[in-house]
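K.L.:
coordinates for the following, if possible.
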Amino acid sequence: MSAVASLRTHVDASPRTLAVALGDVALIVLFVALGELQHGYDLLAQPGRVVGTALPFLIGWAVASVPAGVYAPEIYRSLRNAVTRTALAWVGAVLVGQALRATAIFHGDFAVTFMLVSLGVGLALLVPWRAAVGYLGRA
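P.N.:
All right, here's what the predicted structure looks like:
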């Protein structure tokens with residue numbers, strides 16, 4: 001099976017999937033923005049910091065979400081599938097994001113406390129969103 005054919009089985013190339021992916025990205029950026037605000041950073045005065053914090057998690061999401069199947073055609077037919085795959089993808093995204101933060105390329109480091117907070121807050125944002133997508137997709 002070619003890489004393109006394999007990708008087609010893992011990604012539903014439709015406007016609906018694009019909208020869901022944009023929602024995912026928006027929630028990941030919201031997670032980062034809330035954290036930056038919590039730590040006293042001015043989002044408008046320091047947009048580079050926000051991007052630098054978000055990028056490892058967005059890369060992690062890009063790496064983990066497709067193999068987890070969160071954009072596969074069947075994701076829209078099962079609430080359970082949507083929730084399970086989203087949670088799995090977010091765990092992978094956080095692990096990749098934290099690993100990237102431990103490099104000299106991104107600010108931050110690999111911090112267990114931040115990893116646990118990232119898992120909790122990300123799941124609290126992404127799972128209900130994806131549950132709604134899964135629920136509405138069944139209709």
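K.L.:
for Val20, give me the pLDDT.
P.N.:
Val20 is assigned a pLDDT of 94 by the prediction.
K.L.:
quick one: the strands in this protein?
P.N.:
For the chain, strands defined by DSSP state E do not occur.
K.L.:
can you tell me the centre-most residue of it?
P.N.:
The centre of the chain sits closest to Trp61, judged by C-alpha atoms, centre = their mean, with a distance of 4.2 Å.
K.L.:
which one is that one nearest to, not counting chain neighbours?
P.N.:
Leaving aside its sequence neighbours, Trp61 sits nearest to Ala93 (C-beta to C-beta, 6 or more residues apart in numbering; 4.2 Å). Yep, even glycine has a C-beta here, placed from its N, CA and C like the rest.
K.L.:
ok, now Tyr135?
P.N.:
In this structure, Tyr135 finds its nearest non-sequential neighbour in Leu79, 5.1 Å apart by C-beta to C-beta, 6+ apart.
K.L.:
next one: Gln46
P.N.:
Distances taken as C-beta to C-beta, 6+ apart put Glu36 closest to Gln46, at 7.8 Å, once the chain neighbours are dropped.
K.L.:
tell me how many other residues crowd Gly60.
P.N.:
When neighbours are defined as other C-beta atoms under 10 Å, Gly60 has 26 of them.
K.L.:
residues contacting it?
P.N.:
92-97, 100 (C-beta atoms under 8 Å, 6 or more residues apart in numbering).
K.L.:
which single one of the residues you listed is nearest to Val121?
P.N.:
Nearest to Val121, judged by C-beta to C-beta, of these is Val94 at 10.0 Å.
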